[in-house]
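In: Next input, structure requested:
(2 chains)
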Amino acid sequence: MTEESITLNLGPHHPSTHGVLRVQLELDGEIVVDAQPDVGFLHRGLEKLSEHRTYQQILVLTDRLDYLAAMSNNFGYVLAVEKLLEIEVPKRAQYIRVALVELQRIASHLFWLGTHAHDLGAMTPLFYMLREREDIMDIFDGISGARLTPSFMRFGGLAADADPDFVKKTKKLLDGFSGKVDDYERLLTENPMWKSRTQGVGMMSTEEALNTGISGPMIRATGLEWDLRKSNPYSSYEDFDFEIPTGIRGDVYDCYRVRVKEMRESARIVSQAIDGLPENDGSPIKAKVVKFPEGEVYHSIESPRGELGFYIVSAGGKSPFRLRVRPPSFVNLQGLNKMVKGRLLSDAVAIIGMIDIVLAEVDR
Amino acid sequence: MNLEILEEKIGNYIKEKASSRDEITLTCDRESILPLCRILKEDEALSFDFLSDCCGLDMSPETPRFMVVYNLYSIKYKHRLRIKVPLEEADPVIDSVIPVWQAANWLERECFDMLGIRFTDHPDLRRIILPAKFDGHPLRKDFPLEGM
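Out: Numbering: from 1, shown residues only, chains lettered A, B, ... in the order given. Next up is the predicted model:
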């Protein structure tokens, strides 16, 4: 018997790393002594490229940041540019935007839950979740012509108004949605195997998580009631009634509960946005953009993964002087080492799953 | 968040202040970054406990060439603040703010990777996005878009 630790290379091509993430694990038997994430395999130079593209062209690049929540990326970017332009967005467009990004949040959480459960050995849930996600992709396809990369938002509004078909399809989805979430919960919430794999795994205190820069469902799972949609409302979020679900211990299980509750809350927001949609009074769905002024702005939104921020420095030209993306996945991934240390190797898979990373956004 | 409180608490550190579109931007010297950040985080009336972002700018042809930008947020007061620190081209070095916010670790590494700005006392200042052997810093304005 030796007492030496061994190095295990997890990824960059491994199903449970959800993309091209490589983690160098130092193992003592089955206990993780150290975990060093290695990122950058999907780097496309988005921030550099943005300095050489017009503001309108960059919108298309934002789709490819977090491809599981492309609508949210579009949204964060156009809001930052609108802040730079100081333009007002028509109320109807604001409501449609909210409906779209909340549908996107549901789709993103569904995909997360399905693959996360799959990672931990529950093969069935994924099929149910992809079924509902498909309905949302269908709605996006109908309104924007694309499922994954909609590029649907425009500065000052939207590329097109919502048609009656959008409203009809969304209402149909929402009608049965709560029952479907009940079904998912029936598979997992009280499942003893699910509980034993997730409870007490990857715990973090609120203070520690905050100091590490962690945002989104992960910090809410530690018990902190912080959601940018409530704390710093944008795009008329103050008009909607919804709760911020929180956890207690910040473990993988709490994170699961938070995301599942968030899906229910998002469904509530979508239905309020659709029911309260201001009438189309014949005015255009998009405000006019004349010229991009000089200045700098930072605007962030609550994306499905956390605080997604865009910092834009403009020198008055057609392209930004500098565009910086504050990627929630990248910052959240920093916590991996702390959460994994001292745990079993199999817990590492659960913890990577809980962070809900999208490597396209980590690497940009 | 108003300028009077900032003036009262950290007035001696502020070199320039600007306010536009409901955002406050302060400029300070690189020597004062650590003590300034400590006050910003620990003072009850400011309480900037969350480092949203830290990134770099290449301002060339302007001088000083580089700028490190910190976007801060307070969970308690829900307000934001931006701190900018100019750095000379010949000596792009600044203290790491990891002692104040752990979140700065990867953000500073990325800033080093992309712009070549060095952070003193950073425990692990390696490239993070680009390969270790990569030559140059892509977000510098003189780095061609198509690569070297």
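In: Just the buried residues of stretch A:330-346, please?
Out: Using 16 or more other C-beta atoms under 10 Å in any protein chain shown as the test for burial, stretch A:330-346 gives A:330-340, A:343, A:345. Every C-beta, even on glycine, is put in place using the N, C-alpha and C of the backbone.
In: er, stretch B:95-113 actually
Out: B:95-98, B:100-113.
In: Centroid-nearest residue for chain A?
Out: Centroid-nearest residue in chain A, with C-alpha atoms, centre = their mean: residue A:304, separated by 2.6 Å.
In: Residue A:216 is in contact with that one, correct?
Out: Yes. The criterion here is C-beta atoms under 8 Å, and residue A:304 meets it with residue A:216 at 7.3 Å.
In: thinking again about what came up before, contacts only, for the residue nearest to the centre of chain A.
Out: A:68, A:69, A:72, A:104, A:105, A:108, A:109, A:112, A:216, A:217, A:356 (C-beta atoms under 8 Å, 6 or more residues apart in numbering or on different chains).
In: what do you get for residue A:155?
Out: Neighbour list for residue A:155: A:55, A:56, A:78, A:81, A:82, A:85, A:87, A:286, A:287, A:289 [criterion: C-beta under 8 Å, 6+ apart].
In: Quick check: what element follows the one helix or strand the fifth one maps to along the chain?
Out: The one in question is residue A:82. Following DSSP states H and E, one finds residue A:82 within helix A:70-85. Following helix A:70-85 in sequence order, the next helix or strand is helix A:91-119 (DSSP H and E).
In: so what does that following helix touch, helix or strand wise?
Out: When contacts are defined as 3 or more C-beta pairs under 8 Å, 6 or more residues apart in numbering or on different chains; DSSP states H and E, helix A:91-119 packs onto helix A:70-85, helix A:125-144, strand A:157-158, helix A:164-188, helix A:252-275, helix A:345-355.
In: out of the ones you listed, which comes closest to chain B?
Out: helix A:70-85 (5.7 Å; C-beta to the nearest C-beta).
In: what angle do that closest one and helix A:125-144 make?
Out: Orientation check (axes from the mean of the first three to the mean of the last three C-alpha atoms, to 10 degrees): helix A:70-85 against helix A:125-144 gives 40 degrees.
In: wait, what's in contact with the residue nearest to the residue nearest to the centre of chain A when sequence neighbours are not counted?
Out: Nearest non-adjacent residue to residue A:304, counting by C-beta to C-beta, 6 or more residues apart in numbering or on different chains: residue A:108, 3.9 Å away. Neighbouring residues of residue A:108 by C-beta under 8 Å, 6+ apart: A:68, A:69, A:72, A:304, A:305.
In: For the residue nearest to the third one when sequence neighbours are not counted, give its distance to residue A:286.
Out: The shortest distance from residue A:72 to any residue other than its chain neighbours is 4.3 Å, reached at residue A:303 (C-beta to C-beta, 6+ apart). Counting by C-beta to C-beta, to the nearest Å, the gap between residue A:303 and residue A:286 amounts to 23 Å.
In: who has more neighbours, the two?
Out: residue A:303 (29 against 19; other C-beta atoms under 10 Å in any protein chain shown).
In: Backbone dihedrals for residue B:35, please?
Out: Main-chain dihedrals, residue B:35, degrees, to the nearest 10: phi -60, psi -40.
In: per-residue pLDDT, it?
Out: pLDDT, residue B:35: 91.
In: need the residues of the stretch 101-250 of chain A near chain B, please.
Out: A:210, A:211, A:212, A:213, A:215, A:224, A:226, A:231, A:232 (C-beta under 8 Å from any C-beta of the partner chain).
In: Filter those residues down to the buried ones.
Out: When these are checked for burial by 16+ other C-beta under 10 Å, the buried set is A:210, A:211, A:212, A:213, A:215, A:224, A:226, A:232.
In: any idea which of the residues you listed is closest to chain B?
Out: residue A:213 (2.7 Å).
In: Need the three-state assignment for that closest one.
Out: Here residue A:213 is recorded as coil under DSSP: H, G, I helix; E, B strand; the rest coil.
In: For residue A:207, what is the enclosing helix or strand?
Out: Assigned by DSSP H and E, residue A:207 belongs to helix A:206-211.
In: Quick one: distance of that helix to the chain centre.
Out: 20 Å (C-alpha atoms, centre = their mean, to the nearest Å).
In: same check, this time on stretch B:63-83
Out: Relative to its chain's centre, stretch B:63-83 lies at 7 Å (C-alpha atoms, centre = their mean).
In: just stretch A:270-282 next, same as before
Out: With C-alpha atoms, centre = their mean, you get 24 Å for stretch A:270-282.
In: cool, stretch B:48-63 as well?
Out: With C-alpha atoms, centre = their mean, you get 4 Å for stretch B:48-63.
In: what's the closest non-adjacent residue to residue B:37?
Out: Per C-beta to C-beta, 6+ apart, closest to residue B:37 is residue B:100, 4.5 Å.
In: How about the contacts made by the one you found?
Out: By C-beta under 8 Å, 6+ apart, the contact set of residue B:100 is B:34, B:37, B:38, B:41, B:51.
In: what's next to stretch A:203-215, contact-wise?
Out: A:218-219, A:222-224, A:226, A:249-251, A:306-307, A:328, A:331-332, A:334-335, A:338-339, B:49-52, B:75, B:101-103, B:107.
In: and if we set it to 7 Å?
Out: Residues from elsewhere that reach stretch A:203-215 (C-beta atoms under 7 Å, 6 or more residues apart in numbering or on different chains): A:218-219, A:222-224, A:249-251, A:306-307, A:328, A:331-332, A:334-335, A:339, B:49-51, B:75, B:101-103.
In: need the contact list for the residue of chain B found nearest chain A.
Out: The minimum distance from chain B to chain A, using C-beta to the nearest C-beta, falls at residue B:103 (2.7 Å). Neighbouring residues of residue B:103 by C-beta under 7 Å, 6+ apart: A:211, A:212, A:213, A:331, A:334, B:51.
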